[in-house]
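Student: Here is a sequence with its predicted model. Questions after.
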Amino acid sequence: MERTVLQPRFKDSQHFKDFWTKGNGKQLIDFSGAEVSFRDFDKFSHFFYHVDEAGDEVIKDVYFTKKFNEASREIENYIRKGVSEDDQAPESVKKLFQQTQTVPVWLDHNLLKSGAELCMRCNIDSLISLRDYCLIGGYDYAYLNKPLIVTEALKKGAVKRLSETLDFWVNVTRYDALEIHKKGYEFAIKTRLIHSYARLSIKKHYKNWDTENWGKPINSWDMMATYIGFSLVFLHSLHKLGNTISEEEEKGHFHLWKYIGFLLGVPEELLPNNKKEATEYFYLWTSIQPSADQDSVLLAHSLLNESLENPILKYQFQKKNLRYLHICCTWFLLDDAVCKRMHIPNVPFKKGFPMTKKIINKIYDSTVSREVRIKKGNKDQMKVLEDYLRVAQNSNFH
């Protein structure tokens, strides 16, 4: 069918203008030195209807021809042992693994190391940033959330969703994690195939999917926006919380997520190299997204109330206090208009905890060695992940 050419349809909407002139978008421009315009819109917009066909073909050839557990074992074997031209594997499998087993010429292992160290060094701030800025801020984009809604992510529960995100993030951001056959590489390939499986399932079972407005399910442009969340938005959050970030760490962080995006099948031209590019790319993408709808509010509140459902903390007062601290961080990291759209509760003294954290981070950064902070951050993050996996052990993520 002939498709209408995509336009920056929400560029004159109040939510778009407010975000980029006085909200978090304005902060991102100031943070990155970006020069935003619609000059390159057509260069990127067609990716709204583009998907990872290589991943989809593997699902059709492996998962749709065997029992799920049998297919998963086969894929795990390919991930851990590799695939060669001589293997008796489907051509689609050979094609996907030829791409992921070929190290791109631009890959710099020293930069990967710096990016991983930043993620570990910032310890709990990294986890606060992921949850209270990257994840909940993403819920403000109504069309981006549609795959989550139609695959009934709300029924799955926020504890399980959060444990899956944390499991992925921790495992791809450790030392040497992305080397071929290592654990981070494994997580990237499995996540890529989960996206393809979900996309094909939506196509098969959800006949009301509005491709014209929502794009194809889990399309390449939405994937770009997601990984800008993990790179640019994450860095901005750490900056807002008072963390000092070196030029090498910043460069390394973008390099790390560029390689993760490459393994996930995101086209290379959509993967920004620095915060300036990322902000300029993000500006274009936000112009095709309406603001929060009722589904956004439900997703946001499910995440906020996760602390109350989660059995990691024993007592109710601890759970309520943790929820309060996350609400404070959400108000501090996101702009007021976004928080109001998603009906984030307006709690007293909401700047107290984040501002205290900011002051402590400034002192901590200047008094404790970088090596000690990296080691402690890694240990603390692994402990949080261990706790989440324990309570969400019935997760089907693997």
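Tutor: Now that the structure is in, tell me what you want to look at. Numbering: from 1, shown residues only.
Student: use CA for all of it now, contacts and neighbours both
Tutor: Noted.
Student: Determine the set of other helices and strands touching the helix or strand of the chain with the lowest mean pLDDT.
Tutor: Ranked by mean pLDDT, DSSP states H and E, the weakest helix or strand in the chain is helix 153-156, scoring a mean of 76. Under the contact criterion of 3 or more Cα pairs under 8 Å, 6 or more residues apart in numbering; DSSP states H and E, helix 153-156 touches helix 294-304.
Student: The helix it packs on: which residues count as buried?
Tutor: 295-304 (16 or more other Cα atoms under 10 Å).
Student: Farthest-apart pair in those, please.
Tutor: Asp295 and Leu304 (14.2 Å; Cα to Cα).
Student: ok so, going back, quick check: angle from the helix or strand following the least confident helix or strand of the chain to helix 294-304?
Tutor: Counting by DSSP states H and E, the element after helix 153-156 in chain order, helix or strand, is helix 158-172. Helix 158-172 and helix 294-304 are oriented at 80 degrees to each other (axes from the mean of the first three to the mean of the last three Cα atoms, to 10 degrees).
Student: export the buried residues of helix 294-304 to TSV and tack on distance to Ile180 and pLDDT?
Tutor: Output for those, formatted as TSV (distance: Cα to Cα, whole Å; pLDDT from 0 to 100):
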residue	distance to Ile180	pLDDT
Asp295	38	94
Ser296	37	95
Val297	39	96
Leu298	38	94
Leu299	35	94
Ala300	36	95
His301	38	95
Ser302	36	94
Leu303	33	95
Leu304	36	95
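Student: how near is Trp214 to Asp295?
Tutor: 14 Å (Cα to Cα, to the nearest Å).
Student: swap in Ile79?
Tutor: 36 Å.
Student: Please apply the same query to Leu144.
Tutor: Taking Cα to Cα, one finds Leu144 at 11 Å from Asp295.
Student: swap in His50?
Tutor: Taken as Cα to Cα, the span from His50 to Asp295 is 24 Å.
Student: got it, and Ser237?
Tutor: Distance from Ser237 to Asp295, by Cα to Cα: 24 Å.
Student: And Lys190, by the same measure?
Tutor: On the measure of Cα to Cα, Lys190 and Asp295 end up 27 Å apart.
Student: before we move on, what about Trp20?
Tutor: 23 Å.
Student: Repeat that for Thr165.
Tutor: Distance from Thr165 to Asp295, by Cα to Cα: 19 Å.
Student: now the chain, which segments are flagged as low pLDDT?
Tutor: 1-4, 394-398 (pLDDT under 70).
Student: what do you get if the cut-off is 50, keeping everything else the same?
Tutor: 1-2, 394-398 (pLDDT under 50).
Student: most distant residue from the middle of it?
Tutor: If you look at how far each residue of the chain sits from its centre, by Cα atoms, centre = their mean, the farthest one is Asp86, at 35.7 Å.
Student: And that one, how close does it get to Ile327?
Tutor: Taking Cα to Cα, one finds Asp86 at 55 Å from Ile327.
Student: Repeat that for Val36.
Tutor: Taking Cα to Cα, one finds Val36 at 31 Å from Ile327.
Student: More neighbours: those two, which one.
Tutor: Ile327 (21 against 17; other Cα atoms under 10 Å).
Student: I'd guessed the more buried one sits against Pro345; true?
Tutor: Yes - counting by Cα atoms under 8 Å, Ile327 does reach Pro345; the two are 7.3 Å apart.
Student: Lys258 against Pro272, yeah?
Tutor: Yes - contact status for Lys258 versus Pro272: in contact at 7.0 Å, counting by Cα under 8 Å.
Student: What's the local residue count around Asn213?
Tutor: 12.
Student: which residues touch it?
Tutor: Under the criterion of Cα atoms under 8 Å, 6 or more residues apart in numbering, the neighbours of Asn213 are Tyr143.
Student: Next, it: phi, psi?
Tutor: phi -90, psi -40 (degrees, to the nearest 10).
Student: Can you give the contact residues for the helix or strand hosting Gln99?
Tutor: Following DSSP H and E, one finds Gln99 within helix 91-101. Applying Cα under 8 Å, 6+ apart, the external contacts of helix 91-101 come out as 54-55, 57-58, 61, 82-85, 180, 262-263.
Student: quick one, what contacts Val83?
Tutor: 89, 93-94, 97-98.
Student: let's see it at 6 Å
Tutor: Residues near Val83 by Cα atoms under 6 Å, 6 or more residues apart in numbering: none.
Student: same thing with Glu57?
Tutor: Here Glu57 is in contact with Ser92 (Cα under 6 Å, 6+ apart).
Student: ok so, going back, can you pull the buried residues of the helix holding Gln99?
Tutor: So, applying 16+ other Cα under 10 Å, buried residues of helix 91-101: 92-97, 100-101.
Student: Can you tell me which of these is nearest Glu249?
Tutor: Thr100 (24.7 Å).
Student: Give the other helices and strands that the helix or strand containing Cys329 contacts.
Tutor: According to DSSP H and E, Cys329 maps onto helix 316-333. Contacts defined by 3 or more Cα pairs under 6 Å, 6 or more residues apart in numbering; DSSP states H and E place helix 316-333 against helix 306-309.
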